[in-house]
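Chemist: A structural model of the following input is requested.
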Amino acid sequence: MKLIIAYIRPEKLTDVKQALYAREIYSLSVTNVLGSGRQKGFTETYRGVQIEVNLLKKVRLEIGVNDDFEAVAIEAIQSACQTGTEGDGVIFVTELAKALRIRTGEDGIL
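Modeler: You can find the predicted model right below:
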């Protein structure tokens, strides 16, 4: 089992969900986050004062999948998010040791 963590642009969330659903991946967690990466932020003027904004709004997706669905999920996220410009996001994949369903105690579910 794998845990896929992706940081994406907020406006791409709907596209990613549709791409995952089309590939029969329905279980995901979504969190609004702030962060900085290669995009580094920007400066803006607010009431005549220069302000540096280096923490940008992103969406964090967490998707637990069986090994068979790892490549499918990654491809779905990439195809939905890739614009070719900085700030498209990043995907992390980690090994998931165990998954239990709380209601039934069922082990190895995903």
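Chemist: Grab the longest strand from this structure for me.
Modeler: Ranked by residue count under DSSP state E, the longest strand found in the chain is strand 56-65.
Chemist: Does Gly37 lie in a helix or a strand, and which?
Modeler: Per DSSP states H and E: Gly37 is located in neither a helix nor a strand.
Chemist: Name the nearest residue to it, sequence neighbours excluded.
Modeler: Using Cβ to Cβ, 6 or more residues apart in numbering and skipping the chain neighbours, the partner closest in space to Gly37 is Val90 (6.8 Å). Backbone N, C-alpha and C define where each C-beta goes, glycine included.
Chemist: That neighbour against Gly35, yeah?
Modeler: No. At 9.7 Å, Val90 does not count as touching Gly35 under the criterion of Cβ atoms under 8 Å.
Chemist: list residues touching both of these two?
Modeler: Tyr7 (Cβ atoms under 8 Å, 6 or more residues apart in numbering).
Chemist: ok, back up a step: checking the residue nearest to Gly37 next. Helix, strand or coil?
Modeler: Using DSSP: H, G, I helix; E, B strand; the rest coil, the structure places Val90 in strand.
Chemist: How many neighbouring residues does it have?
Modeler: Residues near Val90, counting by other Cβ atoms under 10 Å, number 13.
Chemist: after the longest strand of the chain comes which helix or strand?
Modeler: In N-to-C order, the element after strand 56-65 by DSSP H and E is helix 70-81.
Chemist: So which elements touch that next one?
Modeler: Secondary-structure packing of helix 70-81 (3 or more Cβ pairs under 8 Å, 6 or more residues apart in numbering; DSSP states H and E): strand 2-8, helix 13-22, strand 56-65, strand 89-95.
Chemist: relative to strand 56-65, how tilted is the helix or strand of the chain with the lowest mean pLDDT?
Modeler: Across the helices and strands of the chain, mean pLDDT, DSSP states H and E gives its lowest value to strand 42-46, namely a mean of 75. For strand 42-46 against strand 56-65, the angle by axes from the mean of the first three to the mean of the last three Cα atoms, to 10 degrees is 130 degrees.
Chemist: So what's the gap between the helix or strand that strand 42-46 is followed by and the chain middle?
Modeler: On the C-terminal side of strand 42-46, the closest following helix or strand by DSSP H and E is strand 49-53. Computed by Cα atoms, centre = their mean, to the nearest Å, the chain-centroid distance of strand 49-53 equals 28 Å.
Chemist: No further queries at this time; thank you.
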